[in-house]
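[1] fold the following, please.
(4 chains, ligands or ions: 4)
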Amino acid sequence: MHNVSLPEHLQAVAITKRYGGVCALNAASFSLRAGEVHALMGENGAGKSTLARILAGSTPADGGSISLDGAPVRIASPLDAQRLGIGIVYQELDLFPHLTLAENIVIGNLHFPEGQWIAPSRMRAFCAPFLDQVGLHMDPFLPAAALSIGQRQLLVIARALSMDARILLLDEPTSSLFDDAAERLFALIATLKSRGVSIVYVSHKMDEIFRICDRATVLRDGATAGTVEVPHTTPAELIRLMVGRELQLAPRGMSSPASRNSEEPLLTASNLCTAKLKNVSFDLYRGEVLGIAGLVGSGRSALGAALTGMDRITSGTLTHAGAIGLLPEDRRLQGLMMRMSVLENATLAVLGRLSRFGWIRRQEEQSELAPVMRRLALTCPSLAAPVSQLSGGNQQKVLLARWLLRNPAILFLDDPTRGIDIAAKQDIYRLIQELAAVGTGLILVSSELPELLRCCDRILVLHEGRLAARFAAAEATQEKIMNAATNVAANAAQPC
Amino acid sequence: APAGVPTGDPPKRQFVVAFSQANNAEPYRAAQNAFLTKLLAAQPDLKLVISDAQQDNSKQVAQVETFIRQKPDLLIVAPNERAALTAVMGQAMEAKIPVICLERDILQPNYTSYVHSDNVAIGRLAGQFIVDQLTKKYGKPRGNVVAMRGLLGVEGEINRDRGAREILDRYPEIKIVADPVADWIQAKAKDRMTEVLRAQPRIDVVYGHNDPMAIGAYLAAKELGREKEMSFVGVDGLGGTAGGIRKVLDGILAATFVYPLCVDKAAEIALRLLHDPGFRPEKEYLLQSVMVTAANAASMYETYSIPGML
Amino acid sequence: MLMLHLPPLKKAQRLVALAALLLLAVLISPTAADGSRIFLQAGNLTDILRQVSLIGIISLSMTFVILTGGIDLSVGSILAFSTAVAAMFLTRGYTTHMAVAIAAAVAASTLAGLLNGVVIATTGIQPFIVTLASMIGVRGLAKWLTSNQNIDIGFGRDLAAEFAAAFREKAVVIGAYALAAAVSWTVLARTVFGRHVRAVGDNEKAALYAGLPIRSTKIAAYLLSGLFTGCAGVLYAAENHQGNPNAGVAYELDAIAAVVIGGTRLSGGQGSISGTIIGTLIMGVLTNMLRLNNVDSNVEMMIKAVIIVLAVAVQRERNTN
Amino acid sequence: MLMLHLPPLKKAQRLVALAALLLLAVLISPTAADGSRIFLQAGNLTDILRQVSLIGIISLSMTFVILTGGIDLSVGSILAFSTAVAAMFLTRGYTTHMAVAIAAAVAASTLAGLLNGVVIATTGIQPFIVTLASMIGVRGLAKWLTSNQNIDIGFGRDLAAEFAAAFREKAVVIGAYALAAAVSWTVLARTVFGRHVRAVGDNEKAALYAGLPIRSTKIAAYLLSGLFTGCAGVLYAAENHQGNPNAGVAYELDAIAAVVIGGTRLSGGQGSISGTIIGTLIMGVLTNMLRLNNVDSNVEMMIKAVIIVLAVAVQRERNTN
Ligand SMILES: Nc1ncnc2c1ncn2[C@@H]1O[C@H](COP(=O)(O)OP(=O)(O)OP(=O)(O)O)[C@@H](O)[C@H]1O
Ligand SMILES: Nc1ncnc2c1ncn2[C@@H]1O[C@H](COP(=O)(O)OP(=O)(O)OP(=O)(O)O)[C@@H](O)[C@H]1O
Ligand SMILES: [Mg+2]
Ligand SMILES: [Mg+2]
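    Numbers count the residues shown, from 1 in each chain, chains lettered A, B, ... in the order given. Ligands and ions are numbered 1, 2, ... in the order given. Here you go, the predicted model:
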């Protein structure tokens, strides 16, 4: 596939953006051809989202120029971008929780011309096909707050589709999507591409890049490290461009399940029911990594909420030996105190131990954190920097540090690698292994099947709040898990 | 007849007197309420209900409206502001409820009787007292006066100020060197007086438009050790330990001027109206102020202190 | 259709709080000479409506302001300003048409609201501070303008008196409130502006990303607050027969209370006009009930405190299930 | 060391606002007979400190409340309640030790704060509503307790007079403020509680996931508010020689203004004690400056409005860069 002859559709040259002392983009350049899917890659904090936001008109650039089909354009606001045919799915999933799904789609949407008056029936008619395309089969007049994070991701994709863009910027659109929803998106992308829509695809998921992208541009420290034709490159090459060195992918290590049968389980759930779960039963043993798979909204997060007492258990029993820690799936909303420092965020859950009569022992606070930071390879300008200034990967590590300091017997990790770059992912995988090795019981929720297969000893599959299947790591395959998650097996079992 | 049921007389009628008070936060108003309660408690056939408008015209109009729904036998109104209450007091009259208006003239004579005092006259009395004080001090009317003003725009503030200035303006050597606004409030008067004391090296008299402000000014002067340099004059002359008369007795105020509570007269009219169908009260009763100085403070304290009050 | 984002149950709970209070008011109402319950007399019920109308109108526009994530502390002062301007025009021969006086008062108030909005939208200073400043400043302006005096409106046959006679009518006042409520409901529920108001308060960053006119939406909300408060000021002037630069002290608290009791989130994005109306009525019925029973004013305050908390608790209790 | 989350520049900007105001105050200060600037007299400077001390103390604890994402509208009423209780104990022979009277007043106020906190933390009703209710209710209680009367503290040799003489001393009042400021700073900066306060206000959901004691943190913040306000009430009683159930009206606005002018976010999570102190001083210097120059009280209000906005704008201007 040599597309060299194709004209450059969109060209951004020498884009620069500073945030205070941080240089988010440093003369980065990027070009997009008509009808291609172009991956934008780079480590956390490389500047991908910043570039996407500048192209979408929601962040003003400090310098550089953008041209469309050879003519220079000024994109000073999101509406300018819309008029130029540029649509975007933001990484942060910023939507309006108290507006309805339909309102979230039509608000500020130039392709849904409204006068001053609202017409609900027209809104419904306009939104229905897009909600259908992304597979969000819900009442369009439900508030967005009722959606799980994965469903929110589908909603913002539906909004972007409704804008009928010639250029679509997708900033980690599958970070919380499970395989079937992701598949649906890939199909959508193929359709759009065939219609001549150009797509910028930001992702940390290497397999996706190789499946759907034509070219890839890699950003490193705010500058363009290179653009490659995807069919002519390898993951290793891309990683080298991203991190500037070869990255040793850690091999999978298994805990030894041999001793398990002789041992008491760390945690036993039998017939657990909550508002969102039905009759879930399982055991967790010392040193085990238990994976949880399931579609968007299948109740994976609900399981964490049940185990940690956030949701009321309506029937069934839960016994566990030792404290349960929960790393929440949404680090911005449920995890971090954005205005507080790295240090303060990390030690928040263990202040009891780091204080005497209510006084914080600041020396010990720092000295306890230091080894954990090294273990996590957490980098930050200073311990006193507010976490809002950190990249996504490092923010996640701060949260992990909070739980490592706490050192619970059982740790529930809800999608810990969401939106995290390859290097950081490796750090987290390594950490999971280390924790398991010292006997911590781990429950790992992930939207990426390869990740589950790589890290877990056993995998449970949830479907609509029920346990649909359980596999030992050795016998699990992506296909088997997908079948269970989509309930194909159950349907097949029904005599017709 | 069964035992316990009085024979002969029909059961005695129970009268309800409603009192719409502008607010119960000022000591003067609180004293009015307490005094009226005391006076009417002596009447077994009479029930007094009091509402508190918290210095808000709309609240007071609403409260009078609610009273009209209840059809009391008599309504006493101490209007927060005159124009605001005029119409609703007219409604009460139309509903055949006798209305006694206290202290503030309203725009139309929508009352059965109007009981009041005269703030301009009080201001003049205070002004004359100040002139006499200064003359005694310097041999002729000269000196520096500080006027501590209440909430601007309120009738009492305007007229107590006007009356005093009428007198003081006749003497070119008497200067009003500062007239800060303390909104009737003692704590504010103390702060405002502190600033005046910083700026004014010599002050002879402080004229507070009410006693609490005069006392606040005294506290400020005392803090700077200058309370002996000047004398303090107030208005209101309430009885009780917290009142101005007591402060004259204690030698803190040189004088205070009794602003009559008016409720004693109102109670007198009310009782006669209720008990004597033939009684036609005067349309207006003007009550005189009394000057309280060290000379008569002890006896005035007896007269104006309401038993059971502080 | 409207307020689709509010689960229908919530509205019902709000009505439950009001209904419970009404029931209590009926039960404990004193009786008139003819044995009827005074609370239920048509005259008393319309009294309540008239008495809440001014705060009611202000709390309608306050709902918009709070929905954008703001607050307007200056309404009491703006009301006073409006009464003063209206009375000055009416009594000082500036005009011979009462419409001109009304327009002047409303325009002046709207301008004050506009100023609030422009400062908030362009400087990004917290609305609490900006409107606190204008609460102080506009009060000073009103008092300075009138030299601290009330401007009385007489009962004669002049322009001012005719104005007062026309606009203090119960039907006119209640009608004005009803009209303002209908307009507010429609604007919030049915117009794109209303949606923008809710969106800006819900998630300002998302509003920025969606290219919504954040500034003009905010400015319009404060302008509306000035406009409605100006109208309330005109009614106040008629009802109280005066322009009063000291009027409306602490009205902002009453208006905000009605909004919040009505279920609107103080941090913005979630709320409804119907809730605010119910909140306003709860406060009005409560006051009337306690006054009708001649509760001692200090005890009244204590009871009020408890009932306010209970009324809001009733709404929440079932929510959380 | 402390307030690591605030960029150091911000603090400097706050000081710039105060410094600019001080400079202005010096420049326009009237001169005394000896040609010295009255504003700069030691007496005047300490006057300012004494005058801001009460609101200053209240705004310190208000900072904690606002940091948790709450607000306390009841402080004015609680102050009045405290003055009333103190004066009752002092003048009615309940005790012969002034410490008992002080303890009673402070305990009563703390209890009121505790009640606020418990209702807010357990029912989840918005703090604005709960403390608005207790603003009304506690005022009613204080007035009911004293039958609306001021309780006078004389100048004799009795217990009450001795109390007033001791606690109205400028040095004592300013000292109390300084002590409260030091305690507040330390608690917010150095203790687990202080950190929890900021964490809860920053992200309550995250605090829940991190297993922080959200309820007890909130309760403690309102309790602290009651405690500090109670102490301010004791000082008020001494300074004004009276227990006054009508004291402290609108103090909540002054206290909140000081906090917000000091750079604390009204929605919680970000702010500092040093900022609040500067905010308090800005308001105090501003008032003193205008009063010393005998500015007409209405014009004073207008100027104040403008300067408040400017003082906050100075802090923001450089922020956004
Ligand atoms: N609003 C902002 N304020 C301050 N700094 C910012 C802001 N947005 C981004 N940055 C900084 O700019 C740099 C680039 O961030 P950006 O979000 O573009 O990275 P990214 O490549 O999208 O990372 P990720 O993979 O984590 O999404 C980072 O150092 C980030 O901390
Ligand atoms: N705040 C909410 N209000 C109402 N329903 C919700 C809410 N959050 C989740 N749900 C619903 O509860 C069910 C389980 O959600 P849960 O978050 O556990 O799913 P999940 O498997 O973790 O999905 P995701 O991948 O999207 O995080 C879903 O049907 C979802 O729609
Ligand atoms: Mg990004
Ligand atoms: Mg989930």
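
[2] what about whichever strand or helix holds residue A:442, near chain D?
    Using DSSP states H and E, residue A:442 sits in strand A:441-445. No. Using CB under 8 Å from any CB of the partner chain, strand A:441-445 never reaches chain D; the gap is at least 14.6 Å. Backbone N, C-alpha and C define where each C-beta goes, glycine included.

[3] that strand pairs with which strands, parallel or anti?
    If you go by DSSP bridges, strand A:441-445 pairs up with strand A:289-294 (parallel), strand A:410-414 (parallel).

[4] low-confidence stretches in the stretch 351-496 of chain A?
    The stretch 351-496 of chain A contains residues with pLDDT under 70 at A:488-496.

[5] nearest to ligand 1: which residue in it?
    Evaluated by CB to the nearest ligand atom, the stretch 351-496 of chain A has residue A:392 as its residue closest to ligand 1, separated by 3.2 Å.

[6] need the strands paired with strand A:441-445 in a markdown table with mean neighbour count and distance to residue D:173, can you?
    Compiled in a markdown table, those are given as follows (neighbours: other CB atoms under 10 Å in any protein chain shown; distance: least, CB to CB, whole Å):
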| stretch | mean neighbour count | distance to residue D:173 |
| --- | --- | --- |
| strand A:289-294 | 27 | 62 |
| strand A:410-414 | 25 | 54 |
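
[7] distance to ligand 4 added to the ones you listed, as TSV?
    Listed next are the strands paired with strand A:441-445 as TSV, based on distance: least, CB to the ion, whole Å:
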stretch	distance to ligand 4
strand A:289-294	9
strand A:410-414	6
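
[8] residue A:161 sits in which helix or strand?
    With DSSP H and E as criterion, residue A:161 is part of helix A:149-162.

[9] and the angle from that helix to strand A:410-414?
    On the basis of axes from the mean of the first three to the mean of the last three CA atoms, to 10 degrees, helix A:149-162 is oriented at 10 degrees to strand A:410-414.

[10] briefly note if helix A:149-162 comes near ligand 2.
    Yes. Under the criterion of CB under 6 Å from any ligand atom, helix A:149-162 makes contact with ligand 2 via A:149, A:150, A:151.

[11] packing partners for that helix?
    Helices and strands touching helix A:149-162, by 3 or more CB pairs under 8 Å, 6 or more residues apart in numbering or on different chains; DSSP states H and E, are strand A:86-89, helix A:101-106, helix A:120-134, strand A:167-171, helix A:179-194.

[12] outside of the longest one, which residues touch it?
    I take that to be helix A:179-194. A:35-37, A:133-135, A:150, A:154, A:157, A:161, A:168, A:173-174, A:177, A:199, A:201, A:208, A:211-212, A:295-296, A:449, A:478, A:482, A:485-486 (CB atoms under 8 Å, 6 or more residues apart in numbering or on different chains).

[13] ok, now with 6 Å
    A:35, A:37, A:135, A:174, A:199, A:212, A:296, A:482, A:486 (CB atoms under 6 Å, 6 or more residues apart in numbering or on different chains).

[14] any idea how far stretch A:332-351 is from the chain center?
    Between the centre of stretch A:332-351 and the centre of its host chain there is 20 Å, according to CA atoms, centre = their mean, to the nearest Å.

[15] do it and ligand 2 come into contact?
    No. Taking CB under 6 Å from any ligand atom as the criterion, stretch A:332-351 and ligand 2 are apart, separated by no less than 10.9 Å.

[16] does that stretch reach chain D?
    Yes. Counting by CB under 6 Å from any CB of the partner chain, contacts between stretch A:332-351 and chain D involve A:334, A:335, A:337, A:339, A:340, A:341, A:348, A:349, A:351.

[17] okay, residue B:1: pLDDT?
    We note a pLDDT of 39 for residue B:1 in this prediction.

[18] near ligand 4, which residues of chain A show up?
    For chain A, the contact set with ligand 4 under CB under 5 Å from the ion comprises A:301, A:329.

[19] which ones are touching residue 127?
    Just so you know, I chose chain A. Applying CB under 6 Å, 6+ apart, the residues contacting residue A:127 are A:102, A:105, A:140.

[20] meant chain C actually
    C:70, C:71, C:120.

[21] format these as JSON lines; extra columns: secondary structure and neighbour count.
    Compiled in JSON lines, those are given as follows (DSSP: H, G, I helix; E, B strand; the rest coil; neighbours: other CB atoms under 10 Å in any protein chain shown):
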{"residue": "C:70", "secondary structure": "coil", "neighbour count": "26"}
{"residue": "C:71", "secondary structure": "coil", "neighbour count": "24"}
{"residue": "C:120", "secondary structure": "helix", "neighbour count": "26"}
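
[22] reformat those as CSV; add distance to chain A and pLDDT.
    Below are those laid out as CSV (distance: CB to the nearest CB, whole Å; pLDDT from 0 to 100):
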residue, distance to chain A, pLDDT
C:70, 16, 95
C:71, 18, 96
C:120, 21, 96
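
[23] do you know how far residue A:406 is from residue B:290?
    77 Å (CB to CB, to the nearest Å).

[24] let me redo that: residue C:283
    44 Å.

[25] what's the closest non-adjacent residue to the residue nearest the centre of chain C?
    Among the residues of chain C, the one closest to the centroid is residue C:58, at 2.1 Å (CA atoms, centre = their mean). Nearest residue to residue C:58 in three dimensions, chain neighbours excluded: residue C:255, at 4.4 Å (CB to CB, 6 or more residues apart in numbering or on different chains).

[26] ok, how many other residues are close to the one you found?
    35 (other CB atoms under 10 Å in any protein chain shown).

[27] again with residue B:131
    21.

[28] right, and it touches residue B:141 too?
    Yes. Assessed by CB atoms under 6 Å, residue B:131 is found in contact with residue B:141 at 5.1 Å.

[29] ok so, going back, show me the one of the helices and strands packed on helix A:149-162 that comes nearest ligand 3.
    Closest of the helices and strands packed on helix A:149-162 to ligand 3 is strand A:167-171, at 5.9 Å (criterion: CB to the ion).

[30] just checking, what packs against the closest one?
    If you count contacts as 3 or more CB pairs under 6 Å, 6 or more residues apart in numbering or on different chains; DSSP states H and E, strand A:167-171 packs onto helix A:48-55, strand A:86-89, strand A:198-202.

[31] ligand 2: which of the ones you listed is closest?
    strand A:86-89 (15.7 Å).

[32] anything in the closest one near ligand 3?
    No. Judged by CB under 5 Å from the ion, strand A:86-89 and ligand 3 are separated, with a smallest distance of 11.5 Å.

[33] which residues in chain B form strands?
    B:15-21, B:46-52, B:74-77, B:99-102, B:113-116, B:143-148, B:174-178, B:205-208, B:231-236, B:255-258, B:284-286, B:291-293 (DSSP state E).

[34] rewinding a little: of the contacts of helix A:179-194, which belong to helices?
    A:212, A:482 (DSSP state H).

[35] any idea which of the contacts of helix A:179-194 has the most stuff around it?
    residue A:37 leads these on contacts (other CB under 10 Å) with 26 neighbours.

[36] hey, which helix is longest across chain B?
    Longest helix in chain B, counting by DSSP H: helix B:119-138.

[37] I'm done for today, thanks for sticking with me.
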